[in-house]
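Peer 1: Here is a sequence with its predicted model. Questions after.
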Amino acid sequence: MPDETAQIWTRIQDELRRAVTDMTYDLWLSELRVVSVQADVVTVDAPGHVRTWVADRFRDVLDAAAASVLGPGGRVELAVEEDKAAAAPRRRDGRSGPGGREPAPARSAATPPPGAERDELNPKFGFEHFILGDGNRFAHAAALAVAEMPAQAYNPLFIYGPPGVGKTHLLHSIGNYVRLCSAPPLSVRCTTAEAFTNAFLAALHGGNVDAFKARYRTIDVLLIDDVQFLESKAKTEEEFFHTFNALTDAGGQVVLTSDRQPRDLAALEDRLRERFESGLVADIKPPDMATRMTVLRKRIQHDGVTVADDGALEAIARRITTNVRALEGALIRVVAYHSLTGRPITAELADEVLTGLYPDAQVDRSPVRPTVERIQDETCKLFGLTREELLSDVRTARVAWPRQLAMYLAREHTDASLPAIGSAFGGRNHTTVMHACKRAVERQAGDPEAREAIRTLSERLRADRDD
């Protein structure tokens, strides 16, 4: 690849990272590869599993990034799509598609595959909108693996946790990802255990049982929410047992959610519990303080709400600890009170509103851990840099040392993994972060100015936690 082409693509990637969230970039745009640059047209190649989504959802973002680098006429085009048959998922036995079935005939991206009814899946629930935290990271990774490799990663996938922590969000994220990105197109059905039960009973009493069976047994991916609803329903349990077996035997993927893990579904038949435990069981815990703060910040940003300071959000996050749904509901109440009274959204207002609504709530007094973004902002302030400079590929001493220092502080003051830190710093890999941490330790040992910079930034970060 010519050096000029590589440089142009690197600059466009930098623009894309600034235009979307880290998670969105990692999920959808990180695997794009430049093919050529001709005048003001950049041709890129997109893997089959993200191609449709990129073409449908990120066309404007890509063109804007190209225009910022190449000028007003700059745009991005996707390379001619390769033969889909060559990109079809393969089982370990070498046969095509889930369960060795032949790939489905090619369909237009606008036409959903059979069984993937658009009203079943909530388009607002996608992996790019799911907020990661310590309590849900494992379940998120498992769900993404299943979405990328249905019936090849974990089958079944059983996700459990208390209400309102994101189980349904992950379930629909899997469905949306598979429906839009699978090649060849795979059919998806997403429903609840209650809806499955009602449909089965309707089929038994005057309906068409064969049609019901075909509806659930001739698809590629079956997503069932709140499977605990099947307890103590003998006929429905038996039907679901046979549906589960028929689907998995044919190479289909099953994903289930529940408020309890399989062994705690005491009223469920043993053979069903055994099936549920035969794959991967992943739990989601209530969000920790850092995750709750992130949820609230994202929500006010999305809704265009102005708060007087982060203290208001912290007051909400400390009082509402059980689940994301209740957390967002509390924020809505505080914002509504602000709208009706005209009072600014402060910690005092949040406490006043929520004390009456949640008088028995246990207030979380745990310290607020700084985010990687907060560390980046403080580092930029101390060294007089912009965020763009900090995250760029510039290697001058003026930028390289603050970047290394910020990576080191992110490692010391957050729970983020090395790959996550690298991703937050312009898509760097974990070895770069390790080198930065090593360099920071070495430099502070013999450089008083480096020690002072680390001390100053650490004190600012600790002050945030003590406020």
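Peer 2: Thanks, I have it.
Peer 1: Centroid-nearest residue for this protein?
Peer 2: By CA atoms, centre = their mean, the chain has its centre lying nearest to Phe127, at 3.3 Å.
Peer 1: What sits closest to it if chain neighbours are left out?
Peer 2: Nearest non-adjacent residue to Phe127, counting by CB to CB, 6 or more residues apart in numbering: Ser173, 4.7 Å away. The way it works is simple: take the backbone N, C-alpha and C, and place the C-beta from them, glycine included.
Peer 1: ditto for Gly311
Peer 2: Here the residue nearest Gly311, using CB to CB, 6+ apart, is Ala347, at 3.7 Å.
Peer 1: Can you give the domain ranges for this structure?
Peer 2: 3-81, 127-283, 289-357, 372-466 (automatic domain parsing).
Peer 1: Tell me which of the ones you listed sits nearest to Glu120.
Peer 2: Comparing the domains of the chain against Glu120 with CB to CB, the closest turns out to be domain 127-283 (4.5 Å).
Peer 1: Can you get me the start-to-end distance on that closest one?
Peer 2: 17 Å (CA to CA, to the nearest Å).
Peer 1: so where's the chain uncertain?
Peer 2: 1-2, 21-24, 27, 49-50, 80-119, 359-362, 364-368, 463-467 (pLDDT under 70).
Peer 1: about what we covered before: wouldn't the residue nearest to Phe127 be in contact with Ala139 here?
Peer 2: No: Ser173 is not in contact with Ala139 according to CB atoms under 8 Å; the separation is 10.9 Å.
Peer 1: about what we covered before: ok, now how distant is the residue nearest to the centre of the chain from Ala440?
Peer 2: 32 Å (CB to CB, to the nearest Å).
Peer 1: Now name the helix or strand holding the nearest residue to Leu32 once chain neighbours are set aside.
Peer 2: Using CB to CB, 6+ apart and skipping residues adjacent in sequence, the residue nearest Leu32 is Val44, 4.8 Å away. Following DSSP states H and E, one finds Val44 within strand 41-45.
Peer 1: next one: Thr191
Peer 2: Assessed by DSSP H and E, Thr191 sits inside strand 188-192.
Peer 1: List the residues that contact the nearest residue to Ala326 once chain neighbours are set aside.
Peer 2: Ranked by CB to CB, 6+ apart and with sequence neighbours excluded, the top spatial neighbour of Ala326 is Ile320, at 5.2 Å. For Ile320, the contacting residues are 292, 326-327, 330, 354, 358, 361, by CB atoms under 8 Å, 6 or more residues apart in numbering.
Peer 1: from those, which ones fall inside helices?
Peer 2: 292, 326-327, 330, 354 (DSSP state H).
Peer 1: Which one of these is nearest to Glu277?
Peer 2: Looking across the ones in helices among the contacts of Ile320 and measuring by CB to CB, the closest to Glu277 is Ala326, at 29.8 Å.
Peer 1: any idea how far the closest one is from Ala317?
Peer 2: In terms of CB to CB, Ala326 sits 11 Å off from Ala317.
Peer 1: who's more crowded, these two?
Peer 2: Per other CB atoms under 10 Å, whichever of Ala326 and Ala317 has more neighbours is Ala317, with 27 against 17.
Peer 1: Helix or strand: which one has the more buried one?
Peer 2: Judged by DSSP H and E, Ala317 forms part of helix 310-319.
Peer 1: Mind giving me the packing neighbours of that helix?
Peer 2: Using 3 or more CB pairs under 8 Å, 6 or more residues apart in numbering; DSSP states H and E as the contact definition, the elements that helix 310-319 packs against are helix 289-303, helix 324-341, helix 347-357.
Peer 1: Now find how far off-centre the shortest one is within its chain.
Peer 2: What separates the centre of helix 347-357 from the centre of its chain is 31 Å, taken as CA atoms, centre = their mean, to the nearest Å.
Peer 1: contacting residues around it?
Peer 2: Against helix 347-357 from outside (CB under 8 Å, 6+ apart): 309, 311-316, 319-320, 330, 333-334, 337-338, 343, 361.
Peer 1: The second one now?
Peer 2: Contacts of helix 324-341 from elsewhere in the structure, counted by CB under 8 Å, 6+ apart, are 131, 163-166, 287, 292, 295-296, 299-300, 303, 305, 312-313, 316-317, 319-320, 343-345, 349-350, 353-354, 357-358.
Peer 1: about what we covered before: which residues does the strand holding Thr191 contact?
Peer 2: Against strand 188-192 from outside (CB under 8 Å, 6+ apart): 113, 115-117, 120-121, 171-172, 175, 178-179, 199, 215-216, 219-226, 229.
Peer 1: residue ranges for the helices of the stretch 151-300 of the chain, please.
Peer 2: 167-181, 193-204, 209-217, 234-249, 270-277, 289-303 (DSSP state H, counting those that start in this stretch).
Peer 1: Which stretch among the ones you listed is buried most, on average?
Peer 2: helix 167-181 (a mean of 24; mean count of other CB atoms under 10 Å).
Peer 1: what angle do that helix and strand 188-192 make?
Peer 2: Between helix 167-181 and strand 188-192, the angle comes out at 160 degrees (axes from the mean of the first three to the mean of the last three CA atoms, to 10 degrees).
Peer 1: Helix 167-181 - contacts with which helices or strands?
Peer 2: Helix 167-181 packs on helix 48-57, helix 137-148, strand 157-160, strand 188-192, strand 221-225, strand 253-258, going by 3+ CB pairs under 8 Å, 6+ apart.
Peer 1: go again using 10 Å as the cut-off
Peer 2: helix 48-57, helix 137-148, strand 157-160, strand 188-192, strand 221-225, strand 253-258, strand 280-283 (3 or more CB pairs under 10 Å, 6 or more residues apart in numbering; DSSP states H and E).
Peer 1: give the contact list for the closest residue to Ala193 other than its chain neighbours.
Peer 2: Nearest residue to Ala193, sequence neighbours excluded (CB to CB, 6+ apart): Phe229, at 3.8 Å. Applying CB atoms under 10 Å, 6 or more residues apart in numbering to Phe229 gives the contacts 192-197, 236, 258-259.
Peer 1: picking that back up, tell me which of the contacts of helix 347-357 is nearest to Ser30?
Peer 2: For the contacts of helix 347-357, the nearest to Ser30 is Leu313 (29.9 Å; CB to CB).
Peer 1: Around the closest one, how many other residues sit close by?
Peer 2: Other residues close to Leu313 by other CB under 10 Å number 25.
Peer 1: Not counting sequence-adjacent ones, nearest residue to it?
Peer 2: Spatially, and ignoring its direct neighbours in sequence, Leu313 is nearest to Leu296 (4.4 Å; CB to CB, 6+ apart).
Peer 1: now Arg443
Peer 2: Ala450 (4.5 Å).
Peer 1: And the one helix or strand that neighbour maps to, what's buried?
Peer 2: Counting by DSSP H and E, the element that carries Ala450 is helix 448-466. For helix 448-466, the neighbour count (16 or more other CB atoms under 10 Å) marks 450, 453-454, 457, 460-461, 464 as buried.
Peer 1: now swap in stretch 134-149 and tell me
Peer 2: Counting neighbours by 16+ other CB under 10 Å, stretch 134-149 gives 135-137, 139-140, 142-149 as buried.
Peer 1: Ala282 and Pro156, how far apart?
Peer 2: Taking CB to CB, one finds Ala282 at 11 Å from Pro156.
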